[in-house]
Each structure stands twice: as structure tokens, then as C-alpha cells.
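Participant: structure of the sequence below:
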Amino acid sequence: MFQVLPSIMKKIDSELAIDVDFCEALQAYMEHFDSVSIACPIAKDTADSGLGRCRLVKDLPWKEDRLKLIPLPNAYRPYDFIRQLPAIRRVLRAEIQSADYLVFSPHTLIGDWPTVAVREAIKLQRPYVIEADTVYESVGQIGLDRKASWKRIIKNDILLPLFLKSYRYCLANSKLALFQGQDAYNAYAPFCSNPHKLYHHIPIYKGDHITDDELQGKLARLEIGAPLKICYAGRAVELKGPMDWVNIVHELINCGIRLEATWVGDGSLLPDMRAKIKALGITEYVSFPGFVSDRQQILRTLKGSDIFLYCHRVQESARCLGEALASGCPLIGYASAYAVDLVAQRGGGLFAEQGDWGALVKLIKNLDKNRGQLRELITHANATGRLYDREARLHDRMDLIKRYLVPANTGSFSPR
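Facilitator: Next up, the predicted model:
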């Protein structure tokens with residue numbers, strides 16, 4: 001298998017390191033394929049990248065003949081991209097020719113090596129898989145209102161249409177498209193001949209789910225009138241809506257609700273969040289542990305909380321929502337097709353329209369007043385969380401790839 005992806009690697013003291021979550025997926029890849037090659041840029045500014053938890057490549061258990069990592073240059077400026085393109089195209093072409101299965105994740109316009117790989121695969125008449133977990137145009141709108149008018153025009157009227165045209169071309173010529181969540185599926189499935197919706201990115205494994213004793217302890221605490229425990233786990237960046245989160249917590253405290261709120265995670269907006277909490281005079285109610293490397297500690301926070309409050313501003317398939325459900329922590333946040341679909345079978349979430357944080361305040365006030373309803377919501381979240389097992393879903397993903405892609409020299413492929 002050969003994959004070309006966005007950045008999943010960075011340098012730690014000059015040593016190459018790879019995202020821990022991706023390492024867990026690698027285990028499944030290694031069980032299904034003789035060898036795996038991965039090409040991606042090396043992340044430089046990782047403060048807001050989600051690459052907080054990484055593992056040194058030299059410590060990985062797989063030998064070089066089975067796992068090959070190909071660092072690619074960052075070339076997100078037009079000049080850098082044009083300068084690097086001929087050499088990187090040759091590298092990608094050679095890997096495509098030698099691989100049996102191809103998986104690409106295009107995500108931007110300039111400097112997007114997965115898109116280059118797609119076009120090389122089409123030239124070579126090789127079938128490939130496209131995968132996505134985000135509606136990329138929604139991400140592109142974040143912060144756009146603060147840019148100069150000429151920058152907004154360039155992005156909205158030139159760059160975004162060009163990206164969508166390129167991305168739809170990649171989708172249209174794919175043999176298989178795998179979408180993590182309902183939002184990405186709704187946005188892009190119409191442009192594919194063989195789209196599938198999966199939930200293989202939710203990092204929940206056997207032993208991660210809340211235990212019966214932990215669940216009963218949480219329910220009992222609520223029954224005796226203990227303060228609400230509200231949490232979030234993720235990056236403090238604009239697309240996660242951290243200031244909306246702060247506004248909600250502040251308003252709940254103003255309404256007289258007894259609560260303890262925790263935001264676990266680092267990010268460029270964390271200092272702003274702390275400053276605003278201090279200015280509002282509510283520091284005793286809110287804690288910011290910052291980046292937590294111990295995943296079990298994060299799960300303990302989720303399992304000990306009554307509400308997972310999120311204010312995501314983009315259409316993405318955030319993994320933290322699935323982790324919250326598996327921890328028996330119901331979702332209260334902005335509605336998205338992804339979030340609504342997660343709890344469609346067994347419940348465990350209440351939602352408001354995008355951006356309406358006042359409506360989220362009302363939902364939480366009602367749950368605090370009606371503890372029986374909150375306890376029922378927690379029970380439903382626990383039931384929903386039991387549906388998600390990443391190991392099983394990853395194997396489903398591998399089976400789909402093997403079913404629909406024919407290895408080189410055993411079949412034919414004709415681009416549209």
C-alpha cells in the first residue's frame with residue numbers, strides 16, 4: 001500500500017516522529033498488507049496541528065522493508081510548489097508504479113502532494129482510493145471575515161472554485177471513496193461512483209469504554225445534586241469555537257448553576273481563553289490543564305464529566321465526539337450531520353444551530369434543572385459509545401480497499 005497524506009509527521013530534536021493515532025492505524029495496515037509506504041510533508045508549525053502526541057519513528061516495531069516513510073517538502077507557496085513539483089512528481093510516480101494499493105487524501109490547492117499523486121495515478125491508469133473526514137471548503141471560511149477584502153475575493157472567487165474543481169476531478173476518477181462521517185459523505189459522495197461512509201477514525205479500542213461502576217458512580221453523583229461537570233478535549237483553535245465555549249460557561253455561572261468546567265488541550269487561543277476567564281472573574285470554576293500526553297488521563301476526564309460541550313465551527317468528523325460517547329459523556333453542541341448521525345441509533349446528544357451558543361446555554365440549564373433527563377442522556381451516550389470499535393472498523397476499511405482495487409498488472413482502469 002502507498003499513501004500520500006497531509007502532515008502526520010514532525011521533527012522532535014531532529015528525530016522524525018509520527019502521529020500516535022496514525023501509528024495505531026498502522027497496526028491494522030500491517031496485518032493486511034505486506035508493506036506500507038507513506039509520503040507526507042513534515043509539519044513545521046505544530047502548535048495548532050493536532051500533532052501533540054507523536055512517537056519517534058526509530059522506536060516503531062516494523063522493519064524498513066515493511067514500512068517506508070517518505071518526507072515531502074512543505075510547498076504551500078506557489079513558487080515553492082512549482083520549484084519542487086518536478087522532483088516530487090518523479091518520487092510519487094515511482095512509488096505508484098511499485099505499489100499494489102493506492103490511498104490519497106487531497107485537502108488543498110497549492111502544495112497538495114496527494115493531488116499530484118492522484119494525477120500521476122490517472123496517467124498511469126492505476127485505480128486509487130480517496131479518503132476524507134472534513135468538508136474542506138467549510139474550513140477555508142474560518143477567519144475569512146477578518147481578512148482584507150481583496151484577500152477574501154481571491155480566496156472565495158478564485159482559489160476555492162479552483163480547489164473544488166480539482167477535488168471533484170480527483171473524486172470522479174477514484175475507484176473507491178471513503179468518507180469519515182455524514183458531513184463529508186453528504187458533501188462529496190455525489191461526485192464519486194463508489195462512495196462509502198465509515199467511522200474508522202474514532203480512536204476507541206477494547207477497554208476504553210466507561211465501566212458499569214464508573215457509569216453508576218456518575219449517575220449517583222448527579223442524583224444527589226453535585227455540581228455539573230462540563231468538559232472539552234481538543235485544540236484551542238478558532239475552528240473549535242473556544243470563545244463560544246467560554247461564553248457558555250460564563251453565562252451558566254451567571255444563571256446560578258453550580259459547575260466545574262475543564263478544557264483539555266493546547267493551542268494558539270489558549271492564552272486568550274485563560275485571559276478572558278480571568279477577566280470574567282470565573283477562574284475558580286474553570287481549569288485548563290493544557291496539553292495532556294497521557295490518553296488514559298484524557299479518558300478519565302471524559303468519564304468523570306456529565307456533559308461534553310463543543311462549539312465546532314466547521315463540518316468535520318471530530319474524533320473527540322466519539323471518545324466522549326464511549327466515556328458515557330453526552331454531546332451538547334452545534335448540530336452537524338456527523339454529530340447527529342453519531343447518536344442517531346441510541347441517542348446521547350442534544351444540539352443547537354451553528355453559532356447559537358445561547359441555545360446551548362438553555363439546553364444545559366434545562367438538563368441541570370431536570371437531572372433525570374441528564375442521567376437518561378448519559379445512559380444513552382454510553383449505549384451509543386458501545387457501537388464504536390476502531391479496530392473492527394479499520395479492518396472493514398482494509399476489506400473495502402482490497403475488494404475494489406485490483407493490484408497492478410491484474411486489471412485495467414480507465415479515467416473518466
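
Participant: Thr262 contacts Gly290, correct?
Facilitator: No - using CB atoms under 8 Å as the test, Thr262 is too far from Gly290 to be in contact (11.0 Å). Placement of C-beta: from N, CA and C, glycine included.

Participant: neighbour count for those two, which is higher?
Facilitator: With neighbours defined as other CB atoms under 10 Å, Thr262 and Gly290 compare such that Thr262 has more, 17 against 14.

Participant: for the strand or helix carrying the more buried one, what is the average pLDDT?
Facilitator: Element membership for Thr262 (DSSP states H and E) is strand 259-264. The predicted model assigns strand 259-264 a mean pLDDT of 98.

Participant: does anything pack onto that strand? Which helices or strands?
Facilitator: If you count contacts as 3 or more CB pairs under 8 Å, 6 or more residues apart in numbering; DSSP states H and E, strand 259-264 packs onto strand 228-233, helix 242-254, strand 286-290, helix 295-303.

Participant: list of residues touching the helix or strand where Pro41 lies?
Facilitator: Remark: Pro41 resides in strand 36-43, with elements defined by DSSP H and E. With contact meaning CB atoms under 8 Å, 6 or more residues apart in numbering, strand 36-43 is reached by 1-11, 16, 26, 29-30, 49, 51, 66-75, 91-92, 95, 99, 111, 113, 117.

Participant: inside helices: which ones of those?
Facilitator: Leu26, Tyr29, Met30, Val91, Leu92, Glu95, Trp113, Ala117 (DSSP state H).

Participant: among the residues you listed, which one sits closest to Ile158?
Facilitator: Ile158 has its nearest neighbour among the ones in helices among the contacts of strand 36-43 in Trp113, at 21.5 Å by CB to CB.

Participant: mind listing what that closest one touches?
Facilitator: Trp113 neighbours (CB under 8 Å, 6+ apart): Val4, Ala39, Cys40, Pro41, Leu72, Ala75, Ile88, Leu92.

Participant: kindly report the same for Phe291.
Facilitator: With contact taken as CB under 8 Å, 6+ apart, Phe291 is in contact with Gly52, Gly265, Asp266.

Participant: give me the pLDDT value at it.
Facilitator: You'll see Phe291 listed with a pLDDT of 91.

Participant: picking that back up, the contacts of Trp113 into a markdown table, with extra columns for neighbour count?
Facilitator: Formatted as a markdown table, the contacts of Trp113 follow (neighbours: other CB atoms under 10 Å):
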| residue | neighbour count |
| --- | --- |
| Val4 | 29 |
| Ala39 | 22 |
| Cys40 | 22 |
| Pro41 | 20 |
| Leu72 | 21 |
| Ala75 | 20 |
| Ile88 | 21 |
| Leu92 | 24 |
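
Participant: tell me the bridge partners for the closest residue to Ser7 other than its chain neighbours.
Facilitator: Ranked by CB to CB, 6 or more residues apart in numbering and with sequence neighbours excluded, the top spatial neighbour of Ser7 is Ala43, at 3.9 Å. Beta-bridge partners for Ala43, by DSSP bridges, are Lys10.

Participant: and Ala43, how many neighbours does it have?
Facilitator: By other CB under 10 Å, 19 other residues sit near Ala43.

Participant: how close does Leu51 get to Val91?
Facilitator: 23 Å (CB to CB, to the nearest Å).

Participant: ok, these two, which is more surrounded?
Facilitator: Higher neighbour count among Leu51 and Val91: Leu51, with 20 against 16, using other CB under 10 Å.

Participant: ok, so what distance separates the more buried one from Ile18?
Facilitator: Counting by CB to CB, the gap from Leu51 to Ile18 is 9 Å.

Participant: what does the helix or strand where Arg393 lies contact?
Facilitator: Per DSSP H and E: Arg393 is located in helix 390-404. Here helix 390-404 makes contact (CB under 8 Å, 6+ apart) with 1, 24-25, 28-29, 31-33, 101, 103, 127, 129, 175-176, 178, 194, 196, 198-206.

Participant: looking at those, which are in helices?
Facilitator: Using DSSP H, the contacts of helix 390-404 in helices are Glu24, Ala25, Ala28, Tyr29, Glu31, His32.

Participant: on that earlier part again, single out the most deeply packed of the helices and strands packed on strand 259-264.
Facilitator: Mean neighbour count, computed with mean count of other CB atoms under 10 Å, is highest for strand 228-233 among the helices and strands packed on strand 259-264, reaching a mean of 23.

Participant: put the alpha carbons of that one into PDB.
Facilitator: Extracted in PDB, the C-alpha atoms of strand 228-233 (Å, rounded to 0.1, in the frame of the first residue of the first chain):
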ATOM      1  CA  LEU A 228     -22.300  19.800  36.800                       C
ATOM      2  CA  LYS A 229     -19.000  18.700  35.300                       C
ATOM      3  CA  ILE A 230     -18.500  20.100  31.800                       C
ATOM      4  CA  CYS A 231     -15.500  19.300  29.700                       C
ATOM      5  CA  TYR A 232     -14.000  19.500  26.200                       C
ATOM      6  CA  ALA A 233     -10.900  17.800  24.900                       C
END
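
Participant: in contact with Asp244, which residues?
Facilitator: Cys311, Gly355, Trp357.

Participant: now rank those residues by neighbours and give me the top one.
Facilitator: Cys311 leads the contacts of Asp244 on contacts (other CB under 10 Å) with 23 neighbours.

Participant: alright, calling it a day.
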